[in-house]
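Undergrad: predicted coordinates and the sequence they were generated for:
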Amino acid sequence: MNATASSTAAVAPSNRHAPADASAPHNAMANAIRALAMDAVEQAKSGHPGMPMGTADMATVLFTRFLKFDPADPAWPDRDRFVLSAGHGSMLIYALLYLTGYASMTLNEIKRFRQLGSKTPGHPENFITAGVETTTGPLGQGLANAVGMAIAEKHMAAVFGAGVVDHKTYVIASDGDLMEGISHEAVALAGHLKLNKLIVLFDDNGISIDGALSLSDSTDQVKRFEACGWNASRVDGHDAGAIAAALEKAQSSDKPVLIACKTKIGYGAPTKAGKASSHGSPLGQEEIKGARDALSWEHEPFDVPEHVLSAWRAAGRRSKAAHAEWAKRLAALDAGQRAEFERRMKGELPQQALADAVRKVKETLAATPKDIATRSSSEFALEALVPAVPEMIGGSADLTGSNNTRTKSMRAISAADFSGRFIHYGVREHGMAAAMNGMALHGGIIPYSGTFLVFSDYARPAIRLAALMGERVIHVMTHDSIGLGEDGPTHQPVEHLAALRAIPNLLVFRPADAVETLECWQLALQANNRPSVLALTRQALPQLRRSLDAENRCAAGAYEIAAADGKAEVSLFATGSEVSLAVEAQKLLAAEGVPARVVSVPCFELLAEAPEAARRTAIGTAKVNVGVEAAVRQGWDAIIGADGAFIGMSSFGASAPYKELYEHFGVTPQAVAAAALRKLGKA
Ligand SMILES: Cc1ncc(C[n+]2csc(CCOP(=O)(O)OP(=O)(O)O)c2C)c(N)n1
């Protein structure tokens, strides 16, 4: 199947997707969206009316004839996912949620558009508004989230069967979504994996903020998507029959589907339709009056007449029977399978299996300590964690052998078989991170991935959104400092730890040895309401914690890993590879008669959250504090104080064997000891 250009009405809509209620014609239902969008933006004196007015027809066809959803149960696991990737058009989804009968989306909430504490914030936020699947606004992210959702659907269906997992992922995307670079990563991955249950309605209105799209873009999106392995077609985005026909055809596609819907932004506005002026500001009273006339919508602001509202509410009840049938199929599932499905969808960990796996690895490490790179320690931990936590789906952005994220038993996910648990994301860090968000949002999966820490910048916008949404995704980021050596400054992160620590609600772990790496993995898995980064080394490190310790010491964020011989005059704080370096410095100081303690700080955020007393104990009361991290100082003053000494990086790195680099940049035990002695006035 390969529908191009003129496929407009190739397939007649089937009865299954017939209009919900013939008594309220399509136009009136679509106009209800347009009117609510105009009125809410006008009332707020802020917002984007053009997009919802232009996409009202496609959204009406989708929500009244195709989308499987139940407003009474927004979290129904087998609902179709709908992603409004063009989040600036948020009034579209708020209007749809109100009209179809989501209880929490009242008319009052529509009237409170963009106000503090409302369910109708400026851009859709999934943690604020029931029925919003993902937080959108940064263009391109929603589309890439949808790719992850579609992967998650395929995987969960492969594991639990199509009886309980069989839904589609629909997206409305704009020119801006498709111009963003992330869209290429997402679209190419979706095409490669033949995600045929992913259907994108492209709001092809040829307008963006600066004016006509022709100012900045001349891509043939249909050809572009086809080149990426999609079925793509063009339709008149205001012809309900044509939209329905294209959606009908999409139902049985063998590839992901793009439907480019030619629309007019601000449809109905007498002077602003088709113009950038309808994109992002209130239309104004005159224009709204003209639009009401043009659309033959004679109702007062925020007034949706009863027959239109009841037709919409009927559309909202369309999937009740499907929901009930699904519940029966779930109930008929083998009890163990059902419990497992429900556990995974709730995001609950298999506590006992996880605890057992952690204990076993700790026992092994105590019996036979491992002086290995933390990326290898991570692999060692994963060999036990992956079988214990079946919802973990690993991956890498083409650095599998370097990130050590694929365990021996993991099979790769492919277009032919989604039952595997490892994803070759290709060289697509941004698309990977956004797809992981989509998988976590879908439910049933804990995605983890791999790339180099320096490339966290390529994934940062998606990591930020994971943190905002509070999604459990885990990023393994290896080669975490100049310690990676010869690849040089392009590959050596110096500012990245600070930059990641600046993101609220993100846990940044930098474990010091094999035991800490395991503990940080455990904490990342247990953090069910936020993402984590594990910053891991390329170079080998000694296992500092050699005796069996059941307690997860990293949970405190920081702890004394090597006590002073006597009352400490110096506290040496370090993370990751620099903890063993601090331990060497401790010996040098001891030789000078200066007792020093070493505090490992695997996670700044957990330290900041620790109870005051625990935090004080970890920080201690030594005269002198020294921080050691092969990275910039920014952020360290919260631990060592403005008076503390810091040994780290204040420039980019260089290309050389790593031991020479540590010498060259002065990140050495000698430098640490000397800094402490200077602060004590002893040197
Ligand atoms: C990553 C990102 N960059 C910039 C913006 C600001 N912005 C919001 S909408 C938009 C483009 C508008 O064009 P289009 O996507 O076609 O939407 P339409 O005008 O059709 O509503 C831009 C640049 C954004 N939201 N996200």
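TA: Noted; the coordinates are in hand. Numbers count the residues shown, from 1 in each chain.

Undergrad: tell me which stretches of the stretch 101-250 of the chain form strands.
TA: 169-174, 198-204, 207-208, 211-212, 231-236 (DSSP state E, counting those that start in this stretch).

Undergrad: take those and write them to CSV, including mean neighbour count and mean pLDDT.
TA: Glycine gets a C-beta too; all of them are placed from N, C-alpha and C. Below are the strands of the stretch 101-250 of the chain laid out as CSV (neighbours: other Cβ atoms under 10 Å; pLDDT from 0 to 100):
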stretch, mean neighbour count, mean pLDDT
strand 169-174, 28, 99
strand 198-204, 28, 99
strand 207-208, 22, 97
strand 211-212, 14, 97
strand 231-236, 23, 98
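
Undergrad: any chance of those strands in JSON lines, plus distance to the ligand?
TA: Listed next are the strands of the stretch 101-250 of the chain as JSON lines, based on distance: least, Cβ to the nearest ligand atom, whole Å:
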{"stretch": "strand 169-174", "distance to the ligand": "3"}
{"stretch": "strand 198-204", "distance to the ligand": "6"}
{"stretch": "strand 207-208", "distance to the ligand": "3"}
{"stretch": "strand 211-212", "distance to the ligand": "10"}
{"stretch": "strand 231-236", "distance to the ligand": "16"}
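
Undergrad: tabulate those (CSV), appending distance to Ala610.
TA: Converted to CSV, those look like this (distance: least, Cβ to Cβ, whole Å):
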stretch, distance to Ala610
strand 169-174, 40
strand 198-204, 43
strand 207-208, 47
strand 211-212, 53
strand 231-236, 53
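
Undergrad: near the ligand, which residues of the stretch 151-300 of the chain show up?
TA: Ser174, Asp175, Gly176, Glu180, Asp203, Asn205, Ile207, Ser208, Ile209, Ile265, His279 (Cβ under 6 Å from any ligand atom).

Undergrad: do that again at 8 Å, thanks
TA: For the stretch 151-300 of the chain, the contact set with the ligand under Cβ under 8 Å from any ligand atom comprises 174-177, 179-180, 203, 205, 207-209, 213, 265, 276, 279-280.

Undergrad: near the ligand, which residues of this protein show up?
TA: Contact residues, the chain versus the ligand (Cβ under 8 Å from any ligand atom): 48, 50-51, 54, 86-89, 123, 137-141, 174-177, 179-180, 203, 205, 207-209, 213, 265, 276, 279-280, 461.

Undergrad: just those residues: which are in helices?
TA: In helices, judged by DSSP state H, the following of the residues of the chain next to the ligand are found: Gly50, Met51, Gly54, Gln141, Asp175, Gly176, Asp177, Met179, Pro461.

Undergrad: how long is stretch 627-646 end to end?
TA: Terminal residues of stretch 627-646 lie 5 Å apart, using Cα to Cα, to the nearest Å.

Undergrad: gap between the residue nearest the centre of the chain and the ligand?
TA: Nearest to the mean C-alpha position of the chain, by Cα atoms, centre = their mean, lies Asn437 at 2.7 Å. Distance from Asn437 to the ligand, counting by Cβ to the nearest ligand atom, to the nearest Å: 15 Å.

Undergrad: that residue contacts Asn145, correct?
TA: Yes: using Cβ atoms under 8 Å, Asn437 is in contact with Asn145, at 5.3 Å.

Undergrad: what sits in contact with each of these two?
TA: Thr134 (Cβ atoms under 8 Å, 6 or more residues apart in numbering).

Undergrad: so which residue of the protein comes closest to the ligand?
TA: Ranked by Cβ to the nearest ligand atom, the top residue of the chain for proximity to the ligand is Gly176, at 2.6 Å.

Undergrad: neighbours around that residue, how many?
TA: Neighbour count for Gly176, taken as other Cβ atoms under 10 Å: 20.

Undergrad: Arg464 too?
TA: Number of residues near Arg464 (other Cβ under 10 Å) recorded here: 20.

Undergrad: what sits up against the helix or strand harbouring it?
TA: Using DSSP states H and E, Arg464 sits within helix 456-469. The contact list for helix 456-469, computed with Cβ under 8 Å, 6+ apart, reads 125-127, 134-135, 138, 141, 144, 182, 429-430, 432-434, 436-437, 440-441, 451, 473, 475, 477, 493, 496, 499-500, 503-506, 530-531, 533.

Undergrad: dump it to CSV, keeping only the CA atoms.
TA: Once non-C-alpha atoms are left out, helix 456-469 reads as follows in CSV (Å, rounded to 0.1, in the frame of the first residue of the first chain):
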residue,chain,number,x,y,z
SER,A,456,23.5,14.5,26.9
ASP,A,457,23.3,17.8,25.2
TYR,A,458,21.7,16.1,22.2
ALA,A,459,19.0,14.6,24.4
ARG,A,460,18.6,17.4,26.9
PRO,A,461,15.2,18.8,25.8
ALA,A,462,13.6,15.4,26.2
ILE,A,463,15.4,14.8,29.5
ARG,A,464,14.0,18.1,30.7
LEU,A,465,10.5,17.1,29.7
ALA,A,466,10.9,13.7,31.4
ALA,A,467,11.8,15.6,34.6
LEU,A,468,8.9,18.0,34.2
MET,A,469,6.5,15.1,33.7
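
Undergrad: gap between it and the chain center?
TA: Relative to its chain's centre, helix 456-469 lies at 6 Å (Cα atoms, centre = their mean, to the nearest Å).

Undergrad: begin at 14, not 1, for the rest of this chat.
TA: Understood, numbering begins at 14; the last thing we discussed is helix 469-482.

Undergrad: let me see the mean pLDDT of that helix.
TA: Helix 469-482 shows a mean pLDDT of 98.

Undergrad: and what of stretch 492-511?
TA: In this model, stretch 492-511 carries a mean pLDDT of 98.

Undergrad: what do you get for stretch 559-568?
TA: Averaged across stretch 559-568, pLDDT comes to 97.

Undergrad: which parts of that stretch are buried?
TA: Asn565, Arg566, Cys567, Ala568 (16 or more other Cβ atoms under 10 Å).

Undergrad: for the third one, phi and psi?
TA: When you say that, I think you mean Cys567. Main-chain dihedrals, Cys567, degrees, to the nearest 10: phi -70, psi -20.

Undergrad: find the nearest non-adjacent residue to it, please.
TA: Using Cβ to Cβ, 6 or more residues apart in numbering and skipping the chain neighbours, the partner closest in space to Cys567 is Glu532 (4.0 Å).

Undergrad: I'd say the one you found and Ala525 touch.
TA: No: the criterion here is Cβ under 8 Å, and Glu532 misses it with Ala525 at 10.3 Å.

Undergrad: identify the contacts common to these two.
TA: What both Glu532 and Ala525 touch, as defined by Cβ under 8 Å, 6+ apart, is the set Pro615.

Undergrad: who has more neighbours, those two?
TA: Counted by other Cβ under 10 Å, Glu532 and Ala525 do not tie: Ala525 has more neighbours, with 32 against 26.

Undergrad: and the residue nearest to Cys567, backbone torsions?
TA: Backbone torsions of Glu532, given as degrees, to the nearest 10, read phi -60, psi -40.

Undergrad: contact partners for it?
TA: Taking Cβ under 8 Å, 6+ apart, we find Glu532 in contact with Val371, Pro524, Asn565, Arg566, Cys567, Ala568, Pro615.

Undergrad: any idea how far the nearest residue to the third one once chain neighbours are set aside is from Gly570?
TA: Okay, so that is Asn565. Computed as Cβ to Cβ, 6+ apart, the closest residue to Asn565 that is not its neighbour in sequence is Glu532, at 4.7 Å. Taking Cβ to Cβ, to the nearest Å as the measure, Glu532 falls 11 Å from Gly570.
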